[in-house]
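> Take a look and give me a structure for this.
(chains A and B)
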Amino acid sequence: MTAWNFRKLVCSIALWIVLWAIVAAACMLVGSTTGALSRQQWLYRLEMVLIPSLIGAALAAAGVAYQAILRNPLADPYLLGASSGAALATYIWSLLLGTAGAVAVQIGQQAFAFTGAAAAIAIVLGLAQRRGRLDPVTLILVGVILNAVCGAVYLLIFSLNLSRDMTRQTGGPFRILIGGIQTDLTTAEEITAAIAIAVGWIVLLSIAGEMNVGMLSDAEAQSLGVRIHRLRWIAMIAASLLTAAAVAISGPIGFIGLICPHAARYVTGPDPRRLLPAATAIGASLLVIAEALSRLFSQPTLLGNHLPVGVLTGLLGGPFFLVLLFHQKRQS
Amino acid sequence: MLTATNIHFGFGNRTVLNGVSLTLAEGEFVCLAGPNGSGKTTLLRILLNHYRAPGQITWSGRPLDQWTTRQLSQLVAYLPQSPTFEPTQTVADIIKLGRSPHWSAFGLESPADTHIVTQVAAQLALTDDLDRPLLELSGGQRQRVFLARCLAQQPRAMLLDEPGTHLDIKHQVELIKLLQHLATDQKLAILMASHDLNLAAALSTRLILLHNGQVAAAGPPADVLKPQILRQVYEVDLELIPRPNRPQLVFPRIGFTPEEPNVHGA
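Numbers count the residues shown, from 1 in each chain, chains lettered A, B, ... in the order given. I've put the predicted structure just below:
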């Protein structure tokens, strides 16, 4: 038995970065173009590896926080409605001010997306709570209903604005209903999202030890020195920031925040101090692989069109969610 | 170590505690007994600042509201009635959590943390089980693990809520011996809520009997466990079998008696 010290933390992060880098490098070799690639095509593929990595990492880290702090193995930014709340807010912002432009506009968009995610989480927690208790399945049901409502509100606004060119501003209906990797993000969009994600992730890492204790009952956590309500607020805000930053540039890509923490748990165990770096790297890698697959499918001999990555994560995540649900029911 | 004076508390319109006062000294083993709903658990949680209640509470001479949550957790450990754990957590994972009040930023541990976890595991004969998942252990072993978590906090006082509830008689006896050892040898101040009057009589240096949110009686077990007091608190006749300095209790009217028919038949 050894102590979880600074050296171990750094080694753990470095190891997971190396594993992600190997996957990312392999995925750069995959695409719809065969033969020698031009420099521009390599740069495009590099972007198509880095952006999904950023989004996957953010959603997986948010999943770790939501699952720990809600003590709910089914919690995920998508299933809790945070993703669709953020996506709807991003869409409304884009209607009002557009997406391309000054950094201030991007920061405003991120802030608006964050407000959407936070509002969605507040609504879901408020509706799912009964006498101070949160039933895991009710929580998810309310989240799914909120997803449907956000989708309907989006389609309503979209229908009312059909005369406007939505293709750039929204990425089309896929952007809010399923989510995918955008190919036309501005540098300002990418940088603001990356900064928001970095801030959210570092905050989560700094409270990972407390989240480990926070998985116990409130009474136990408090008697082990954790101010549990303060911890919940910080974790919720950081996780919503991560979700919003990812969703603002990709739309609500589902199930990454559910699958990756569970996959990482098999390797690291449930302690968020070890789990967070692992789940983050697995999230980044999984979305890079999904994006590479969607590029493969977009070859002229197959689909011919770029498949939104959210379709693949949905196909993978749906059955995974059902397995988890039945597993949990059997345990209880 | 602990002084609580005139504690009042209620949930909504329901009064749970009405002017309760108690003290706890170093090396003392105090049992808190009383019927269901008499406010034992609530009182323990008020003493830990989980609930705010009117009245004066001081730990080591310092008012409760001047202790941060972290500082208090380094002084007092708490074992709830049903401690929680993750299904995949090992014994070592659980005991390590007891060191969390001493972790630095980012949840980083020091070599001293590992040393103390190893030491506590050895003290409670858990060394060989450190890598075993908690799910594999019996109820008695699990309770020892949770006690180890409390001890890993290196507290000067422990508040225990019904620690023997899920244990059979063998494991209850083991627990009693262990707690007595901790109080006498390590000078830990122990306040234990318990339904079991026999356990309370056997263990405690002092017994506090709660009834309707008030202290019905307090003092050495032999002075508190009197038929008239118990009848008033529990509303049932109890027969006391005296032992030197400590009374032992039996409940004569449970089950059927020769005067009553055996309703279950032959």
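> close enough to count as contact, A:G209 and A:R273?
Yes - counting by C-beta atoms under 8 Å, A:R273 is a contact partner of A:G209 at 5.7 Å. For the C-beta atoms, the positions are set from N, CA and C on the backbone; glycine is no exception.
> who touches both of the two?
Residues touching both A:G209 and A:R273 (C-beta atoms under 8 Å, 6 or more residues apart in numbering or on different chains) are B:F106, B:G107.
> Centroid-nearest residue for chain A?
A:L59 (1.9 Å; C-alpha atoms, centre = their mean).
> how about that residue, what does it touch?
So A:L59 contacts A:P77, A:Y78, A:S83, A:L242, A:T243, A:A246, A:I253, A:I256, A:G257, A:C260, A:G283, A:L287 (C-beta under 8 Å, 6+ apart).
> Low-confidence regions, the chain specifically.
Assuming you mean chain A. Within chain A, the segments meeting pLDDT under 70 span A:32-34, A:98-103, A:131-132, A:162-178, A:299-305, A:328-329, A:331-332.
> other chain: chain B
Looking at chain B by pLDDT under 70, you get B:245-266.
> Neighbours of the residue in chain B that chain A sits nearest to, how many?
Nearest to chain A in chain B, going by C-beta to the nearest C-beta, is B:G107, at a distance of 1.9 Å. For B:G107, the count of nearby residues is 22 (other C-beta atoms under 10 Å in any protein chain shown).
> Spatially, what comes nearest to it if we skip its sequence neighbours?
A:G209 (1.9 Å; C-beta to C-beta, 6 or more residues apart in numbering or on different chains).
> Torsion angles phi and psi at B:I57?
phi -130, psi 130 (degrees, to the nearest 10).
> what about residue 25, how many neighbours?
With no chain named, the answer covers chain A. 11.
> wait, I meant chain B there
Neighbour tally, B:A25, other C-beta under 10 Å: 14.
> what ranges do the strands span in the chain?
With no chain named, the answer covers chain A. A:129-130, A:133-134 (DSSP state E).
> wait, I meant chain B there
Under DSSP E, chain B gives strands at B:2-11, B:14-24, B:29-33, B:56-59, B:62-63, B:76-79, B:157-161, B:189-193, B:206-211, B:214-219, B:239-242, B:247-250.
> May I ask you to name the longest helix in the chain?
Since no chain was named, I'll use chain A. helix A:39-69 (DSSP state H).
> Chain B, not that one
The residue-count maximum for a helix in chain B (DSSP H) belongs to helix B:169-185.
> residues from chain B in reach of chain A?
B:45, B:48-50, B:69-70, B:72-74, B:76-78, B:80, B:83-89, B:92-93, B:97-98, B:100-101, B:103, B:105-111, B:113-114, B:117-118, B:130, B:153 (C-beta under 8 Å from any C-beta of the partner chain).
> Other residues contacting stretch A:222-229?
A:210, A:213-214, A:216, A:218, A:221, B:48-50, B:69-70, B:72-74, B:76-78, B:97-98, B:100-101, B:153.
> Just the buried ones from these?
A:210, A:213-214, A:216, A:218, A:221, B:48-50, B:69, B:72-74, B:76-78, B:97-98, B:100-101, B:153 (16 or more other C-beta atoms under 10 Å in any protein chain shown).
> Pull the contacting residues for A:V288.
A:W20, A:V23, A:A24, A:C27, A:V49, A:P52, A:S53, A:G56.
> mind checking the end-to-end distance for stretch B:98-110?
End-to-end distance of stretch B:98-110 (C-alpha to C-alpha, to the nearest Å): 13 Å.
> nope, stretch A:249-258 is what I was after
Stretch A:249-258: ends 20 Å apart by C-alpha to C-alpha.
> Okay, buried residues for it please.
Neighbour-count burial for stretch A:249-258 flags A:I249, A:S250, A:G251, A:P252, A:I253, A:G254, A:F255, A:I256, A:G257, A:L258 (criterion: 16+ other C-beta under 10 Å).
> Which ones among those residues lie within helices?
Per DSSP H, those map to helices at A:I249, A:S250, A:I256, A:G257, A:L258.
> Which member of those is positioned nearest chain B?
A:L258 (17.2 Å).
> Which residue comes closest to that closest one once chain neighbours are left out?
Nearest non-adjacent residue to A:L258 (C-beta to C-beta, 6+ apart): A:D76, at 3.7 Å.
> Could you verify my assumption that the one you found touches A:V64?
No - taking contacts as C-beta under 8 Å, A:D76 lies outside contact range of A:V64: 10.3 Å.
> Would you point out which residue is most central in chain B?
Geometric middle of chain B (C-alpha atoms, centre = their mean) lands on B:L160, at 2.1 Å.
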